[in-house]
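Undergrad: Quick check, what structure comes out for this input:
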Amino acid sequence: AAAAAAAAAAAAAAAAAAAVPTPPTPAPSYKVSCSPNPCPCSHLALRPLFNKTFAPQFFAGWDGEMWTKNVFVDPYEAKLAAQRAAAAAEAGEDAPAPMLSQKSMSSVNVLSPAGGFKSTSEKFSLAELQAGTPEGVDPTKKEEYLSDADFLEAFKVDMAAYKALPGWKQKNLKRSSKLF
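TA: Numbers count the residues shown, from 1 in each chain. As a prediction, this is how the structure comes out:
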C-alpha cells in the first residue's frame, strides 16, 4: 500500500508539473560579456543590423520632380558661358550657341575633315585602302569604299551578308583583310 501511495503521489506531482506553464525561451542575446563592463569594443559585429524599434514609422513617398530639380550644372562651364555671352554682348552679336555636351558630341562625326567625307559611291582599290586612309575617306568605314569585286575578294561575302553579321565578326573580317 505504501508503494501504491508513493506511485500515486509521484503521478500527482508529475501532473502538477505538467499543468505549470514553462517560461518562454529568451531571445538570443547579442551582447558578449567582456571583463571590463561596459566593454570598450562593444561587439558591434554581433548586434543585429536592423532593429524594429528604430525603423522609420512612415514612407514619405517618391519625389517625381527629383531628376528635374537636382540637375548638376558645372560652375566652370556656367562661368565660361556667362563670359561668352558678355563678350558677345560687347561685340553687339547674338549670344553664342551653347557648347555641345559629351553626349551630343558622340553623335557628331568628330573625324570628319573640314570638307566632309567623300561619298561611299566613290570607290577605291583594296590596295589603296590597305595602304592607308586616302584623303576624305571615313577611316571607320573603309569597306564601304570598296568596289563589289574587291569587297568579295577581301571579305568572301557580299555587302548585304556582311552588314547582317554581328559587329564583332565584321571587325574580325576587317582585321583579317587589313582594313583597320
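Undergrad: how much space is there between Glu143 and Lys156?
TA: From Glu143 across to Lys156, the span is 13 Å (CB to CB, to the nearest Å). Heads up, the C-betas are built off the backbone N, CA and C, glycines and all.
Undergrad: Kindly report the same for Glu144.
TA: Here the criterion is CB to CB. By it, Glu144 lies 17 Å from Lys156.
Undergrad: Settle it for me: which of the two has more neighbours?
TA: Glu144 (16 against 12; other CB atoms under 10 Å).
Undergrad: Help me confirm that the more buried one comes into contact with Lys118.
TA: No - taking contacts as CB atoms under 8 Å, Glu144 lies outside contact range of Lys118: 10.5 Å.
Undergrad: any idea which helix or strand comes after the helix-or-strand element of the chain with minimal mean pLDDT?
TA: Across the helices and strands of the chain, mean pLDDT, DSSP states H and E gives its lowest value to helix 102-107, namely a mean of 45. Next in sequence after helix 102-107, counting helices and strands by DSSP states H and E, comes helix 126-131.
Undergrad: and the following helix or strand past that next one, which residues are buried?
TA: Next along the chain after helix 126-131, taking DSSP H and E as the criterion, comes helix 148-155. Buried residues in helix 148-155, counting neighbours by 16 or more other CB atoms under 10 Å, are found at Asp150, Phe151, Ala154, Phe155.
Undergrad: Run through the residues that contact the second one.
TA: Contacts for Phe151 were tallied using CB atoms under 8 Å, 6 or more residues apart in numbering; they are Glu143, Asp158, Met159, Tyr162.
Undergrad: Next one: it, what pLDDT does it get?
TA: Predicted confidence (pLDDT) at Phe151: the value is 92.
Undergrad: Show me where this protein dips below the pLDDT cut-off.
TA: 14-61, 95-115 (pLDDT under 70).
Undergrad: at 80 what do you get?
TA: The chain contains residues with pLDDT under 80 at 1-71, 93-116, 180.
Undergrad: which SSE is Ala81 in?
TA: helix 75-91.
Undergrad: Alpha carbons only: can I get that helix in PDB?
TA: Output of helix 75-91 as PDB, limited to C-alpha atoms (Å, rounded to 0.1, in the frame of the first residue of the first chain):
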ATOM      1  CA  PRO A  75      30.200  76.000 -62.200                       C
ATOM      2  CA  TYR A  76      33.200  76.300 -64.500                       C
ATOM      3  CA  GLU A  77      31.000  75.700 -67.600                       C
ATOM      4  CA  ALA A  78      28.400  78.200 -66.300                       C
ATOM      5  CA  LYS A  79      31.200  80.800 -65.800                       C
ATOM      6  CA  LEU A  80      32.500  80.300 -69.300                       C
ATOM      7  CA  ALA A  81      29.000  80.600 -70.800                       C
ATOM      8  CA  ALA A  82      28.500  83.900 -68.900                       C
ATOM      9  CA  GLN A  83      31.800  85.200 -70.200                       C
ATOM     10  CA  ARG A  84      31.000  84.200 -73.800                       C
ATOM     11  CA  ALA A  85      27.600  85.900 -73.500                       C
ATOM     12  CA  ALA A  86      29.200  89.100 -72.100                       C
ATOM     13  CA  ALA A  87      31.800  89.100 -74.900                       C
ATOM     14  CA  ALA A  88      29.100  88.700 -77.500                       C
ATOM     15  CA  ALA A  89      27.000  91.400 -76.000                       C
ATOM     16  CA  GLU A  90      30.000  93.800 -76.100                       C
ATOM     17  CA  ALA A  91      30.600  93.000 -79.700                       C
END
